[in-house]
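Show me the folded form of this:
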Amino acid sequence: MKGKIHSFQSLGAVDGPGLRFVVFLQGCPLRCAYCHNPDTWDPTSGMECSVEEVLQKILRYKPYFADNGGVTISGGEPLLQWEFVAQLFMQLKENGIHTALDTSGVVNMKDARKVLPYTDLVICDLKFSNEQDYFHYTKGNLPAVLEFLKLTEELDIPLWIRHVVVPGLTDSKSHILKIYTLASQFSNYKKLELLPFKKLCISKYKSMDLEFPFKDIQECPESTIQMLYSYIKG
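Residues are numbered from 1 along each chain as shown. Presented below is the predicted three-dimensional model:
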């Protein structure tokens, strides 16, 4: 079994608990207006690697994972290559390595059911709190995401929710409280991570001769992130 790989990050500290080996897969069905990695969209590009090749890369870093680290599969949308992910996760579990799936939740449910039994943590992007904005800004589908989150609850897989904070769009108190309400309704919900909107991706869009839809929006300051966290904790 081979997969299309965008890139590897050997010791990441922001994609799940502890130190993690992160595998970014190629291909994504969404077109988020603030996407940082448009180079992951095309499912036909990237480098081709077998499950065994990726596993051997990972095993070299196993001593660094300690008790709470492991491997995160991200994208793009990793479940577009669900067979590859399922086989890799099975091999990782056999080697006693924690597995995390970083997904948009806009997935085929049958495919997800093949991967989730080998998944120790789901990290899911919950991008907007209503169906209209979800489709307008991502071409995604909120009910589909909520259905996926319900499946993670049924399987009792710990759930982290991520949300990108865009000034003037998703940075209001009312919006963040709606996101928190949606996320915390699931019994397996563990935490909400707020990610500040950045524009480091502009050079990628230029190199691909693409227009970055949010090029004129200001980056989100850390002070806004902390203020929004205070509303949730309050």
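
For the residue positioned nearest the centre of the chain, what are phi and psi?
The geometric centre of the chain, computed from its C-alpha atoms, lies nearest to residue 102 (C-alpha atoms, centre = their mean), at 3.4 Å. Main-chain dihedrals, residue 102, degrees, to the nearest 10: phi -100, psi 110.

who does it bridge with?
residue 123 (DSSP bridges).

Distance check, it against residue 213.
Going from residue 102 to residue 213 by C-beta to C-beta, to the nearest Å gives 23 Å. In this view, the C-beta of every residue, glycine as well, is placed from N, C-alpha and C.

Could you pull up the residues touching the closest residue in space to residue 50 that isn't next to it in sequence?
Leaving aside its sequence neighbours, residue 50 sits nearest to residue 2 (C-beta to C-beta, 6 or more residues apart in numbering; 5.0 Å). If you count contacts by C-beta atoms under 8 Å, 6 or more residues apart in numbering, residue 2 has them with 48-51, 84.

Am I right that residue 187 is in contact with residue 152?
No. In this structure residue 187 lies outside contact range of residue 152 using C-beta atoms under 8 Å: 10.1 Å.

Between the two, which is the more surrounded one?
The residue with more neighbours, out of residue 187 and residue 152, is residue 152; 23 against 9, by other C-beta atoms under 10 Å.

could you list every residue that touches the more buried one?
116, 122, 124, 159, 186, 188.

10 Å instead?
Applying C-beta atoms under 10 Å, 6 or more residues apart in numbering to residue 152 gives the contacts 101, 103, 105, 112, 116, 119, 121-122, 124, 158-159, 186, 188-189.

Quick one: mean pLDDT for whichever helix or strand residue 93 is part of?
In this assignment (DSSP states H and E), residue 93 forms part of helix 82-94. When pLDDT is averaged over helix 82-94, the result is 98.

same deal with stretch 62-76?
Mean pLDDT, computed over stretch 62-76, is 94.

and the end-to-end length of it?
End-to-end distance for stretch 62-76: 24 Å, by C-alpha to C-alpha, to the nearest Å.

Stretch 53-65 now?
End-to-end distance (C-alpha to C-alpha), stretch 53-65: 19 Å.

Pull out the buried positions in the longest strand seen in the chain.
In the chain, taking DSSP state E as the definition, the longest strand is strand 2-12. Counting neighbours by 16 or more other C-beta atoms under 10 Å, one finds that the buried residues in strand 2-12 are 3-6, 8, 12.

right, and the pair among those residues with maximum separation?
The most widely separated members of these, counting by C-beta to C-beta, are 4 and 12 (19.9 Å).

if I pick the nearest residue to residue 45 once chain neighbours are set aside, what's in contact with it?
Nearest residue to residue 45 in three dimensions, chain neighbours excluded: residue 26, at 6.0 Å (C-beta to C-beta, 6+ apart). For residue 26, the contacting residues are 3-7, 39-48, 75-78, 80-81, by C-beta under 10 Å, 6+ apart.

try it again with 8 Å
The contact partners of residue 26, by C-beta under 8 Å, 6+ apart, come to 4-6, 40, 42-46, 75-76, 81.
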